[in-house]
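**Q** Sequence and computational prediction follow.
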Amino acid sequence: MHRSRVKGALTRRHLMGLAAGFLPLKGWAGDDEDDKRPSASSTSAAVLASAGLSGQRIVVAGGGMAGMTAAKYLRLWGGSGVQVTLVEPDAVYTSSIMSNLVLNGSRNIDSLRFKRDALTTKYGVVRKPGQVVAVDALARTVTVSDKSVLAYDRLVLAPGVSFDDAHGLTQADYETRTPHAWRAGAQTTLLRNQVAAMRNGDIFVMTIPKSPYRCPPGPYERACVVADYLKRAKGPNCKVLVLDENLAIQAERHTFELAFSTLHAGVIEYVPGVSHIVIDPTTKRVSYVDPVGGTQVVPARVVNPIVPHRASGSAAGGWLARAGLNNSADGRWASVDVLSYESTAPGAQGVHVIGDAASCGMPKAGHVANQEAKICADAILRLLAGGQPFGQPVANSACFSPITATKASWLTAVYQYDATERKMKVASSGGQTLVNGLPATATESSSIDGDNFENMSIWFRTLMADTTA
Ligand SMILES: Cc1cc2nc3c(=O)[nH]c(=O)nc-3n(C[C@H](O)[C@H](O)[C@H](O)COP(=O)(O)OP(=O)(O)OC[C@H]3O[C@@H](n4cnc5c(N)ncnc54)[C@H](O)[C@@H]3O)c2cc1C
């Protein structure tokens, strides 16, 4: 094992600890030998609170970053007193995290596949293949795609996101011609093959939707990785045109401004404040209106539209919408009480929503989904035992971004519950003040380097082990 090394404002121990830590329960999977904090299974308040539970039924819908973590920790902390059923169509999870590295050939998509077996064999979670197609919050039942009906005492919804038909494109276009590849899988491989077939001088166009969207730094990271690959593999004349519907870079602004203007200068062209994007899926011509120049038309070779997305099932007529759970102001997300992740929709008592589908004040990211799942699991066990959710949750987020095939940056933040505003907010005590041993402010790497790249792999393994193993 390596000793901790200081990287800018953070030590490696902090970042590795961040991969698993949900602080109220002292759940740590830090791998440094000097980290003597208790493991998640040892001193959880929820374990104590749930000692008297027996036969309580919890259904978890969606086995991604959020749902797998929730199912695992409900059983880890709740023990045999809770029956946990995970409804999920696929036996294997494909991680979107690190999937940009498939585009430059650094990783194979198979290296991002994680079996869900351990949830069953190690923790006793029952896996029910299928999709939830209806929720009856009054009767406390869900209907699954095979028409079976499951009764629950508490329901956890973690279905991730679905993608709008946008810019003149349909779901069939995303699958076959203009992949968004914003949920890893066949579209990632399609996009990889399209990028690999580009020639020197070709143009790669990508679009970024207005926030909130999944993984705030992810699109800028993708632009960097693709630009780096094209320069090395195809020659100096390719271009990556980034059409951002936001007015500015949404995360790690310093890092990406630096990367766009130095490492990838002359290849990446970044255009913020874009509107009226129209993409022809056959010719790959892209038109858009930029804030100064009016309408522009670009003959792209490859188009990667990261289109607007929303909580899965929240479109008109969808299962989440029919249950009234898409109660954010724009109807695209599920608003929740961040002490328990219980839905704030009328009549939705007992229904919790976590991960990217939820609107909770923290970014839509896999690391955050893992944290929300633990806060939610803890709260559910306390509620089932007749108690109240823990009142001072602290969560964290870490995100590594590859900038080339060998160098990366990172961003991290600690979030703490603000009882006055009843929100999770970036803790703001400033500088290197620690909250439960972690840095108190949002921090980004001061350099783009190979050490960060190496640490990125360790962080990813730690996070995925905490979620799936
Ligand atoms: C290119 C890219 C890079 C990223 N990099 C990072 C990163 O560095 N760090 C980071 O923290 N995050 C990153 N993310 C974001 C991260 O992948 C997501 O935030 C995370 O996967 C969200 O977890 P989730 O559980 O909400 O959704 P998902 O992981 O998408 O899981 C949703 C699950 O629900 C299932 N499901 C859907 N509907 C139903 C239904 N009706 N019934 C039952 N099951 C259903 C699906 O099959 C799926 O398994 C990245 C994303 C992308 C695209």
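**A** Looks like it came in fine.
**Q** what about residue 395, distance to residue 70?
**A** Taking CB to CB, to the nearest Å as the measure, residue 395 falls 14 Å from residue 70. Quick note: C-beta positions are derived from backbone N, CA and C, even for glycine.
**Q** What separation do you get for the residue of the stretch 251-400 of the chain found nearest the ligand and residue 405?
**A** Taking CB to the nearest ligand atom as the measure, the point where the stretch 251-400 of the chain comes nearest the ligand is residue 355, at 2.3 Å. In this structure, residue 355 and residue 405 are separated by 30 Å, where distance is defined by CB to CB.
**Q** just residue 61 next, same as before
**A** Here residue 61 is placed at a distance of 37 Å from residue 405 (CB to CB).
**Q** likewise residue 104?
**A** 6 Å.
**Q** quick one, phi psi at the residue nearest to the spatial centre of the chain?
**A** Compute the mean C-alpha point of the chain, and by CA atoms, centre = their mean the closest residue is residue 365, 2.6 Å away. Dihedral pair for residue 365: phi -150, psi 150, per degrees, to the nearest 10.
**Q** how much space between it and residue 247?
**A** When distances are taken as CB to CB, residue 365 and residue 247 turn out to be 21 Å apart.
**Q** do residue 274 as well
**A** Between residue 274 and residue 247 the distance, using CB to CB, works out to 10 Å.
**Q** Domain-wise, how is this structure divided?
**A** Residue ranges for each domain of the chain read 6-162+310-468, 165-306, as given by automatic domain parsing.
**Q** any chance of these in a markdown table, plus mean pLDDT?
**A** Compiled in a markdown table, the domains of the chain are given as follows (pLDDT from 0 to 100):
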| stretch | mean pLDDT |
| --- | --- |
| domain 6-162+310-468 | 86 |
| domain 165-306 | 97 |
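**Q** From the structure, what's the count of residues near residue 80?
**A** Residues within reach of residue 80, counting by other CB atoms under 10 Å, total 10.
**Q** ok, now residue 263?
**A** Residue 263 has 17 neighbouring residues, counting by other CB under 10 Å.
**Q** Check residue 449 too.
**A** Here the number of neighbours of residue 449 (other CB under 10 Å) works out to 17.
**Q** Name the nearest residue to it, sequence neighbours excluded.
**A** Excluding the flanking residues, the one nearest residue 449 by CB to CB, 6 or more residues apart in numbering is residue 407, at 5.6 Å.
**Q** Check residue 185 too.
**A** residue 94 (5.2 Å).
**Q** is that neighbour in a bridge, and if so with what?
**A** The bridge-partner assignment for residue 94, based on DSSP bridges, gives residue 113.
**Q** Up against the ligand, what does this structure have?
**A** Taking CB under 6 Å from any ligand atom as the criterion, the neighbours of the ligand within the chain are 61-67, 87-90, 93, 96-97, 99-100, 131-132, 158-160, 182-183, 214-215, 218, 312-313, 355-357, 364-367, 369, 399-400.
**Q** Out of residue 61 and residue 405, name the residue with the larger neighbour count.
**A** For residue 61 against residue 405, the residue with the higher neighbour count under other CB under 10 Å is residue 61, and the figures read 30 against 14.
**Q** contacting residues for the more buried one?
**A** With CB atoms under 8 Å, 6 or more residues apart in numbering as the criterion, the residues that contact residue 61 are 67, 87-88, 131-132, 142, 155-159.
**Q** Repeat that for residue 163.
**A** With CB under 8 Å, 6+ apart as the criterion, the residues that contact residue 163 are 171, 174, 180, 182-183, 307-309.
**Q** From residue 278, how far out is it?
**A** Here residue 163 is placed at a distance of 17 Å from residue 278 (CB to CB).
**Q** same question, residue 297
**A** Residue 297 sits at a distance of 9 Å from residue 278 (criterion: CB to CB).
**Q** Please identify which of those two sits among more neighbours.
**A** Using other CB under 10 Å, the more surrounded residue of residue 297 and residue 278 is residue 278, with 15 against 9.
**Q** in the one helix or strand that one maps to, what's buried?
**A** Per DSSP states H and E: residue 278 is located in strand 275-279. Along strand 275-279, the positions that meet the burial threshold by neighbour count (16 or more other CB atoms under 10 Å) are 277, 279.
**Q** Next: stretch 298-317.
**A** Residues of stretch 298-317 classed as buried: 298, 300-315 (neighbour count, 16+ other CB under 10 Å).
**Q** what's the answer for stretch 98-111, then?
**A** With burial defined by 16+ other CB under 10 Å, the residues of stretch 98-111 counted as buried are 98-104, 106-107, 109.
**Q** cool, and stretch 316-323?
**A** By neighbour count, with 16+ other CB under 10 Å as the criterion, the buried positions of stretch 316-323 are 318-321, 323.
**Q** After the strand ranked longest in the chain, which helix or strand is next? Please name it.
**A** For the chain, the longest strand by residue count, based on DSSP state E, is strand 408-418. Proceeding C-terminally, strand 408-418 gives way to strand 423-426 as the next helix or strand, assigned by DSSP H and E.
**Q** can you list contacts of that next one?
**A** Identification of contacts with strand 423-426 by CB under 8 Å, 6+ apart yields 338, 360-362, 393, 395, 413-418, 441-442.
**Q** Residue 252 and residue 401 touch, don't they?
**A** Yes: counting by CB atoms under 8 Å, residue 252 sits close enough to residue 401 to count as a contact (6.4 Å).
**Q** who touches both of the two?
**A** Shared between the contact lists of residue 252 and residue 401 (criterion: CB under 8 Å, 6+ apart) are residues 217, 220, 409, 411.
**Q** Mind telling me the two of those residues farthest from one another?
**A** The largest separation in these, counting by CB to CB, is between 220 and 411 at 11.0 Å.
**Q** Same drill for these two, tell me which one is more crowded.
**A** For residue 220 against residue 411, the residue with the higher neighbour count under other CB under 10 Å is residue 220, and the figures read 27 against 22.
**Q** My reading is that that one lies in a helix. Confirm?
**A** Yes: secondary structure assignment (DSSP: H, G, I helix; E, B strand; the rest coil) places residue 220 inside a helix.
**Q** The spatially closest residue to it that is not a sequence neighbour sits in which helix or strand?
**A** Distances taken as CB to CB, 6+ apart put residue 256 closest to residue 220, at 4.3 Å, once the chain neighbours are dropped. Remark: residue 256 resides in helix 253-261, with elements defined by DSSP H and E.
**Q** how distant is that helix from the center of its chain?
**A** The chain centre lies 22 Å from the centre of helix 253-261; the measure is CA atoms, centre = their mean, to the nearest Å.
**Q** tilt between it and strand 408-418?
**A** Taking axes from the mean of the first three to the mean of the last three CA atoms, to 10 degrees, helix 253-261 and strand 408-418 form an angle of 160 degrees between their directions.
**Q** What helices and strands are in contact with helix 253-261?
**A** helix 218-234, strand 268-271, strand 408-418 (3 or more CB pairs under 8 Å, 6 or more residues apart in numbering; DSSP states H and E).
**Q** which of the residues in the shortest one are buried?
**A** Yep, that's strand 268-271 we're talking about. Burial within strand 268-271, assessed by neighbour count using 16+ other CB under 10 Å, is assigned to 268-270.
**Q** What of the first one?
**A** Across helix 218-234, burial judged by 16+ other CB under 10 Å covers 218-231, 234.
**Q** The last one too?
**A** Within strand 408-418, the residues that qualify as buried are 408-417, counting by 16+ other CB under 10 Å.
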